[in-house]
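In: quick one, what's the 3D model for this:
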Amino acid sequence: MTTVPTPLRAPIGSAATFAAPRAQRPGAQRAVFATVITAPMALWQLVLFLGPLLFLIGLSFWLVRNFQLTPAFEWLNWTHMLAQSHFWATFGRTLAYAAGAATLTSLLALPAAYAMAFVLNDNQRRLAMFLLVTPFFTSYLVRIYAWQVFLSDQGLINSALGLLGIEPLPMLNTVFGTFVGYLTLSLPLVVLIQCMSLSMVDKNHVEAAHNLGCGPFAAVFKVVIPSARAGLTIAALFCFIFSFGDFVSPMYLGGGTDPTLAMLIIDTTKGGQQWPRAAVVSIAMIATLMAVAFAATTYAYRRR
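Out: Next comes the predicted model:
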């Protein structure tokens, strides 16, 4: 009769007893680490975005009686603002300005970003990046005031044109002035984001395109830009967001004659302390930006 050997069991407290639990510890540690890393960001969004947003939504239902805010739950502010043609005209103008600024800024930034990524050497690239960062050392409002000196009828540009016998060109308090402000706000940042995205493009793919007969421009449009689609789209998105909510450029360089939504908020709060109606405009802006951001990021990171 054959005797089946009994498997040996490790004594309690030996290293083999704790082998299985120890094998599971790295996964638990990764989960704890991920929670600790993401907790500050989640707390930040909760305190500085979600909380104020909920308060803003609640404020939009309040009423103003005798120039005082009165807690309520009424749709009067929404029906009043959304029924005004002036609101929709301002909304369309702001949307067009932001889209135009994002398109123009992206087009102007692309040659500079391409040169930084593919033409300049490392030292030259570092110097170019430093020069692009230096405008942010000065307040945006100060830079806009400086542009007034250049763009006014008696400014530096028109004075130089006068020496050439050219009549002064209206640049300040125009749409042109507004877009100069938008470029001042976003162009350096867009160049930096585009440069970092283009720097990640595999140079071997560009060389392969050249070997297959693609010219320089064809390689840019068929290889470089599709490969850097995510970064180029995010750069344009940043410009759109900044321009959509900007108050300074349309006011101080555009003259305020064609108001944007940011200016409409100021005018609404000044007219009878209508903070709930201003909250309606703000919520419309936030909803628009969230929709545009979702569409842009979906396009940027979708599979080709």
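In: report how many residues lie close to residue 265.
Out: 21 (other Cβ atoms under 10 Å). Where C-beta positions appear, they are placed from N, C-alpha and C, glycine not excepted.
In: strands along the protein, start to end?
Out: 63-65, 68-70 (DSSP state E).
In: pick the most buried one from the ones you listed.
Out: strand 63-65 (a mean of 14; mean count of other Cβ atoms under 10 Å).
In: that older thread, want to throw the strands of the chain into a markdown table with distance to residue 27 and mean pLDDT?
Out: Listed next are these as a markdown table, based on distance: least, Cβ to Cβ, whole Å; pLDDT from 0 to 100:
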| stretch | distance to residue 27 | mean pLDDT |
| --- | --- | --- |
| strand 63-65 | 54 | 90 |
| strand 68-70 | 52 | 88 |
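In: of all the ones you listed, which lies closest to residue 41?
Out: strand 68-70 (32.6 Å; Cβ to Cβ).
In: and that closest one, which strands flank it?
Out: According to DSSP bridges, strand 68-70 forms sheet pairs with strand 63-65 (antiparallel).
In: circling back: now the strands of the chain in JSON lines, with distance to residue 278?
Out: As requested, these are exported to JSON lines (distance: least, Cβ to Cβ, whole Å):
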{"stretch": "strand 63-65", "distance to residue 278": "11"}
{"stretch": "strand 68-70", "distance to residue 278": "12"}
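In: of all those strands, which lies closest to residue 274?
Out: Of these, nearest to residue 274 by Cβ to Cβ is strand 63-65, at 5.7 Å.
In: re the thing from before, of the strands of the chain, which is nearest residue 180?
Out: strand 63-65 (37.2 Å).
In: which outside residues touch that closest one?
Out: 69, 70, 72, 74, 76, 77, 272, 273, 274, 275, 276 (Cβ atoms under 8 Å, 6 or more residues apart in numbering).
In: equivalent analysis for stretch 271-285, please.
Out: So stretch 271-285 is contacted by 56-57, 59-64, 67-69, 77-78, 80-82, 87, 91, 244-245, 261-262, 264-265, 268-269 (Cβ under 8 Å, 6+ apart).
In: please redo it, this time with the cut-off set to 6 Å
Out: Stretch 271-285 has contacts (Cβ atoms under 6 Å, 6 or more residues apart in numbering) with 56, 59-60, 62, 64, 67, 77-78, 81, 261, 264-265, 268-269.
In: give me the spatial nearest neighbour of residue 224, chain neighbours excluded.
Out: Leaving aside its chain neighbours, residue 224 sits nearest to residue 201 (5.6 Å; criterion: Cβ to Cβ, 6 or more residues apart in numbering).
In: that neighbour - how many residues pack around it?
Out: 19.
In: distance check, it against residue 118.
Out: 8 Å (Cβ to Cβ, to the nearest Å).
In: quick one: terminal-to-terminal distance for stretch 160-172?
Out: 16 Å (Cα to Cα, to the nearest Å).
In: next one: it to chain centre, how far?
Out: 35 Å (Cα atoms, centre = their mean, to the nearest Å).
In: which phi and psi does residue 302 have?
Out: Main-chain torsions, residue 302, degrees, to the nearest 10: phi -80, psi 160.
In: give me the low-pLDDT residue ranges for the stretch 201-304 of the chain?
Out: Counting by pLDDT under 70, the stretch 201-304 of the chain shows low-confidence ranges at 304.
In: show me where it has helices.
Out: 203-211, 216-219, 225-227, 229-244, 248-252, 261-270, 275-300 (DSSP state H, counting those that start in this stretch).
In: excluding chain neighbours, what is closest to residue 71?
Out: Residue 71's closest residue in space is residue 62 (Cβ to Cβ, 6+ apart), at 5.7 Å.
In: can you report phi and psi for that neighbour?
Out: Main-chain torsions, residue 62, degrees, to the nearest 10: phi -70, psi 170.
In: go through this structure and flag its longest helix.
Out: Ordering each helix of the chain by length in residues (DSSP state H) puts helix 85-118 first.
In: and the pLDDT at the residue lying closest to residue 279 once chain neighbours are set aside?
Out: Among residues not flanking residue 279 along the chain, residue 60 sits closest, at 4.1 Å (Cβ to Cβ, 6+ apart). Residue 60 carries a pLDDT value of 95.
In: how about residue 60, phi and psi?
Out: phi -70, psi -20.
In: circling back to that earlier point, make a ChimeraX selection of the buried ones in the contacts of stretch 271-285.
Out: Burial among these is assessed by 16 or more other Cβ atoms under 10 Å; the matching ChimeraX selection reads:
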select :56,59,60,62,64,77,78,81,261,264,265,268
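In: which two of the contacts of stretch 271-285 have the greatest separation?
Out: It's 67 and 261 that sit farthest apart of the contacts of stretch 271-285, by Cβ to Cβ, at 23.8 Å.
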